[in-house]
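*Asks:* sequence plus predicted model, see below.
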Amino acid sequence: MSIDNQPLWALINQLDLQSLDHRRKVQQEHYEILEAIRSGDQKRAFEAMEQHLKNNKNRIVPTRDG
């Protein structure tokens, strides 16, 4: 199964990657996750991925305060 063909994934990408600023932030988050994995730092990788998922949620479904 390819996630690229899933309607929900397409909608998330459309909402999350609509601006250059968002794309740059997502790219930086991915880089931080990758670097933590490469260095073998499981705690840092977990924390970076957790933050990335929280950021995605906030970019897609912003809260009143954020």
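*Replies:* In hand now; what should we look at?
*Asks:* what's next to the helix or strand hosting N58, contact-wise?
*Replies:* Element membership for N58, per DSSP states H and E: helix 42-60. By C-beta atoms under 8 Å, 6 or more residues apart in numbering, the list of residues contacting helix 42-60 from outside reads 12, 15-16, 22, 25-26, 29-30, 32-33, 36-37, 66. C-beta coordinates here come from the backbone N, C-alpha and C atoms, glycine included.
*Asks:* list the buried residues of that helix.
*Replies:* By neighbour count on 16 or more other C-beta atoms under 10 Å, the buried set for helix 42-60 is 45, 48-49, 52, 55-56, 59.
*Asks:* out of the residues you listed, which comes closest to L8?
*Replies:* N56 (12.9 Å; C-beta to C-beta).
*Asks:* next, format the contacts of helix 42-60 as CSV and append neighbour count and secondary structure.
*Replies:* Converted to CSV, those look like this (neighbours: other C-beta atoms under 10 Å; DSSP: H, G, I helix; E, B strand; the rest coil):
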residue, neighbour count, secondary structure
I12, 15, helix
L15, 13, helix
D16, 17, helix
H22, 15, helix
K25, 17, helix
V26, 17, helix
E29, 17, helix
H30, 13, helix
E32, 17, helix
I33, 19, helix
A36, 18, helix
I37, 14, helix
G66, 8, coil
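*Asks:* could you single out the nearest of the buried residues of helix 42-60 to S2?
*Replies:* Nearest to S2 among the buried residues of helix 42-60, with distances taken as C-beta to C-beta, is N56, at 19.6 Å.
*Asks:* and the pLDDT at that closest one?
*Replies:* The model reports N56 with a pLDDT of 82.
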